[in-house]
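Asks: what's the 3D shape of this:
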Amino acid sequence: MIATVISLLLLALLVFGAPIGFALIVSGMIGLYWVGGSSAAVAILSSMPRDTAMTFEFITIPMFLLMAEFVLRSGIADDLFNSAAAWFGRLRGGLGMATALAGAGFGAICGSSTAAAATLSATSLPAMSKRGYEPRMASGVVAISGTLAMVIPPSIAMVVYGLLANVNIAKLLIAGVGPGILIMLTIMVTTYFLAWQDPKRAPLGEKVALRDKLATLRSVGPVLLLFFSVTGVIYTGIATPTEASALGALFAGIIYFARGKRSAQEVFLLISRSVKTTCMLAIIMFGAHVFSVFFALTQTTQSLVAWVGGLPLDPWMILAILVCIYIALGCFLDQMAILVLTVPIVAPLAASLGFDLVWLGVIIIICAEIGMVTPPFGLNCFVVAKYSGTPLWDVFMGAFPHVITHIIAIVILLLIPALTLWLPNQMY
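Replies: Model prediction:
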């Protein structure tokens, strides 16, 4: 009864536009006061903010954010797309494929989906428009390619999931490599099919000499350096994710300063943006912990696990239902809200059913990734529409074929867990 009332209060706060972090804190504290009185509420409020901020793994988030800010300002994304366009431009739908490759490369050095979508909007969209690509198709592939940053390491969403589900973050980040490649190939195949279906959607690009193609590969060097400075050192066991994130931020800063003269004002601006986003995520994490403590005190999670465990359903059927719920939630909530609201409940439930939480985390994040391009609140589509001037509905329609093929990719990952788990299982 108490849990139901407090959950409805949380829902009401979200409906009326309260920030997710503050909505969790307010509703959770009211619930704690209701269950344990003022002493329980004060005890949690006096200790948990410090405990949340002092979590060693949490340092990974500001480092990845700072790395992303350096990368965004360095111009690496332009070089990535130009190189991919040179190699794939003569294929049907080649610039769209190049966008997917650039999205994967950018995702490997930047863990923010919306930042990736905004950057690709400024680089690949003008190039596709110049070549006569259909605006709907071009904007759709840009919106969906931006979501690759959520699954390919370094991924901020992966770190948040790991902290909420108490999962090994190093294995979780590495687990995103295989599915990330599968999703990238899915986007490329879908783009090729759409261009083959109607060649007018995607005219062929200009022919580029082999010498010029090889010259563009030099721009890939900084991307490889950043990728191996983070993912490589985590996989080999040289450094923890926290240490690797600091190393990645350092190398990204070196590349940023090496590629042009920088003003103190610009440096202060990008550092302040990463600090503000970190503070926002810290508040969300604190709210999630408060609400989790309330659920623990009311035995809500344990009761739900026991109830689901007693259902006459196969565990895989329950997992299929959860996947459908996550895809539906993505239409109405952003990925961070989905994670903090559901993972503290779903992770224990999935563990009780015998599912690997690393594998589950990748599935959940890809489901949330689909929500970034589905109406009514597909954030990446809003970003692309803003930067490109394309009507929002056209962006949603352009991304729709990719949503269908993304669901097929999720089914493949569900049927073949080794695609996700093989690489992390080989770690030192």
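
Asks: When you work out contacts or count neighbours from here on, use the C-alpha atoms and nothing else.
Replies: Noted.

Asks: Give the burial count for Lys130, as a bare number.
Replies: For Lys130, the neighbour count with other Cα atoms under 10 Å is 10.

Asks: Which residue lies closest in space to Leu319, excluding its sequence neighbours?
Replies: Ala350 (7.9 Å; Cα to Cα, 6 or more residues apart in numbering).

Asks: That neighbour touches Gly361, doesn't it?
Replies: No - using Cα atoms under 8 Å, Ala350 is not in contact with Gly361; the gap is 10.4 Å.

Asks: Tell me which of the two has more neighbours.
Replies: In this comparison of Ala350 against Gly361, neighbours counted by other Cα under 10 Å, the higher total goes to Gly361 at 25 against 20.

Asks: Model confidence for the more buried one, exactly?
Replies: On pLDDT, Gly361 comes in at 92.

Asks: And for Leu304?
Replies: Per-residue confidence at Leu304 stands at 69 (pLDDT).

Asks: ok so, going back, between Ala350 and Gly361, which contacts overlap?
Replies: Shared contacts of Ala350 and Gly361 (Cα atoms under 8 Å, 6 or more residues apart in numbering): none.

Asks: any idea which helix or strand carries the residue nearest to Leu319?
Replies: Per DSSP states H and E, Ala350 falls inside helix 335-352.

Asks: likewise Ile238?
Replies: Secondary structure assignment for Ile238, by DSSP H and E: no helix or strand.

Asks: Give me the residues contacting the helix or strand Ala86 falls within.
Replies: Assigned by DSSP H and E, Ala86 belongs to helix 76-88. By Cα under 8 Å, 6+ apart, the surrounding residues in contact with helix 76-88 are 71, 94-95, 97-99, 101-102, 105-106, 119-120, 123-124, 207-208, 213, 216-217, 219-220, 222-223.

Asks: Kindly recompute the last result at 7 Å.
Replies: 94-95, 98-99, 101-102, 106, 123-124, 208, 213, 216-217, 219-220 (Cα atoms under 7 Å, 6 or more residues apart in numbering).

Asks: Now do the helix holding Ala350: which elements does it pack against?
Replies: Under the contact criterion of 3 or more Cα pairs under 7 Å, 6 or more residues apart in numbering; DSSP states H and E, helix 335-352 touches helix 156-165, helix 357-371.

Asks: now the residue nearest to Leu319: how far from Ile363?
Replies: 12 Å (Cα to Cα, to the nearest Å).

Asks: Next: Gly93.
Replies: For Gly93, the distance to Ile363 - Cα to Cα - is 28 Å.

Asks: So which of these two has more stuff around it?
Replies: Shown here are Gly93 and Ile363; by other Cα under 10 Å, Gly93 has more neighbours (30 against 23).

Asks: The more buried one touches Ala195, doesn't it?
Replies: Yes - Gly93 lies in contact with Ala195 (Cα atoms under 7 Å); the separation is 5.3 Å.

Asks: what is in contact with these two at once?
Replies: Common neighbours of Gly93 and Ala195, using Cα under 7 Å, 6+ apart, are Ala202.

Asks: Need the contact partners of stretch 233-247.
Replies: With Cα under 7 Å, 6+ apart as the test, stretch 233-247 has contacts from Glu57, Ile59, Thr60, Met63, Phe64, Ile169, Ala170, Ile174, Ser229, Val230, Met427, Tyr428.

Asks: For it, give the distance from the opening residue to the closing one.
Replies: Stretch 233-247 has an end-to-end distance of 9 Å (Cα to Cα).

Asks: gap between the helix holding Ala350 and the chain center?
Replies: Distance, stretch centre to chain centre, for helix 335-352: 15 Å (Cα atoms, centre = their mean, to the nearest Å).

Asks: And for stretch 134-146?
Replies: For stretch 134-146, the distance to the chain centre is 18 Å (Cα atoms, centre = their mean).

Asks: i'd like the first residue to be 17 from this point on
Replies: Noted, 17 is the first residue going forward, which turns the last one into stretch 150-162.

Asks: What lies in contact with that stretch?
Replies: Stretch 150-162 has contacts (Cα under 7 Å, 6+ apart) with 112, 115-116, 119, 129-130, 132-133, 136-137, 141, 144-145, 217-218, 389, 396-397, 400, 406, 410-415.

Asks: hmm, who's touching stretch 371-389?
Replies: The contact list for stretch 371-389 (Cα under 7 Å, 6+ apart) reads 159-160, 163, 166-167, 177, 183, 188, 192, 342-343, 346-347, 351, 363, 367, 394-397, 412, 415, 419, 426, 433, 436-437.

Asks: For ChimeraX, what selects the buried ones among those residues?
Replies: Entered in ChimeraX, the line below selects the buried ones among these, by 16 or more other Cα atoms under 10 Å:
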select :159,160,163,166,167,177,183,188,192,342,343,346,347,351,363,394,395,396,397,412,415,419,426,436,437
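
Asks: In helices, which of the contacts of stretch 371-389 appear?
Replies: Judged by DSSP state H, the contacts of stretch 371-389 include 159-160, 177, 188, 342-343, 351, 363, 367, 395-397, 412, 415, 419, 426, 436-437 as members of helices.

Asks: What's the per-residue pLDDT of the residue lying closest to Ala133 once chain neighbours are set aside here?
Replies: Computed as Cα to Cα, 6+ apart, the closest residue to Ala133 that is not its neighbour in sequence is Gly162, at 4.3 Å. With respect to pLDDT, Gly162 has a value of 83.
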